[in-house]
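Asks: Curious how this folds, go ahead:
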Amino acid sequence: MQLINAHTSKGFTLIEVLVTFLITTVGLLGLAALQVNTMNDQFEAIQRAQITAMVDDMAARIRMNPAAAGTGAYAEDLLEGTGAYYGLLEVPSECSAITAVRRDLCEWNRTIAGAARMSKGQNMASPLGARGCIHSGSASASGEVVIRVSIAWQGMTKSVIPAVTCGLGEYGSENLRRTIYRDVAVR
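Replies: Below you'll find the predicted structure:
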């Protein structure tokens, strides 16, 4: 006669299935959180690339007009297409009628505001709350002036507080403020 052992039965118990389901669920939730973090990081990288191009553009404009830059003509704080801008209530839709420094600033402000990327009244690509700043330093004994071109914008996640003052106090928590700058030396 053969004895049947109850512990040698094959298959899974309900508790084993539930534990497996729980472990799988925790893993999928972790994967979803990783996906959200990756999307935020990708969005911030896109914003950083756009801002870098905008800062480099204005730095090049200043380098091409050193006489005006040396007099402080480029020193401005521009806020994402709002507020007074050369006596106007909003960013001009066209900058071609303006000349020299004002044209450079007008075109830079339109770029920051995303005016070239508007679709049905919605800003489609400009970084969040972008603000451009241009600050002139004092002239050295040799007549060289260092001009700081910077843009601040709001990030998606908290980070280190930037040392640059552009946009200071504009984004709630300073840990959300991002900045990129270039120093341009002109004579």
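Asks: Can you mark which positions in stretch 34-52 are buried?
Replies: Under the neighbour-count criterion of 16 or more other CB atoms under 10 Å, stretch 34-52 has 44, 47, 50-51 buried. (Glycine included, C-beta is placed from N, CA and C.)
Asks: and if you look at stretch 170-187?
Replies: 170-171, 176-182, 184, 186.
Asks: Can you name the element that comes right after the longest helix seen in the chain?
Replies: When the chain is scanned for its longest helix (criterion: DSSP state H), the result is helix 14-64. Per DSSP states H and E, the first helix or strand lying C-terminal to helix 14-64 is helix 66-70.
Asks: Tell me the buried residues in that next one?
Replies: 66, 69-70.
Asks: I'd like the average pLDDT over it.
Replies: The average pLDDT for helix 66-70 rounds to 88.
Asks: Now do that helix: which elements does it pack against?
Replies: strand 145-154, strand 177-186 (3 or more CB pairs under 8 Å, 6 or more residues apart in numbering; DSSP states H and E).
Asks: So in that sheet, which strands flank the first one, and in what orientation?
Replies: Right, the one you point to is strand 145-154. strand 131-136 (antiparallel), strand 177-186 (antiparallel) (DSSP bridges).
Asks: residues of stretch 97-116 that come out buried?
Replies: Buried residues in stretch 97-116 (16+ other CB under 10 Å): 101-102, 104-115.
Asks: Repeat that for stretch 146-156.
Replies: 147-155.
Asks: what do you get for stretch 131-151?
Replies: 131-136, 145, 147-151.
Asks: any idea which of those residues is closest to G11?
Replies: I151 (63.5 Å; CB to CB).
Asks: quick one: contacts for the closest one?
Replies: Contact analysis of I151 by CB atoms under 8 Å, 6 or more residues apart in numbering lists 51, 54-55, 112, 127, 130-133, 166, 179-181.
Asks: Now do the same for the spatially most central residue of the chain: its pLDDT.
Replies: In the chain, the centroid-proximal residue (CA atoms, centre = their mean) is Q47; its distance is 4.1 Å. pLDDT recorded at Q47 is 89.
Asks: wait, doesn't it sit right on G114?
Replies: No - contact between Q47 and G114 fails when scored by CB atoms under 8 Å: they sit 11.5 Å apart.
Asks: Return the closest of the buried residues of stretch 146-156 with respect to T20.
Replies: When the buried residues of stretch 146-156 are compared against T20 (criterion: CB to CB), the nearest one is G155, at 39.2 Å.
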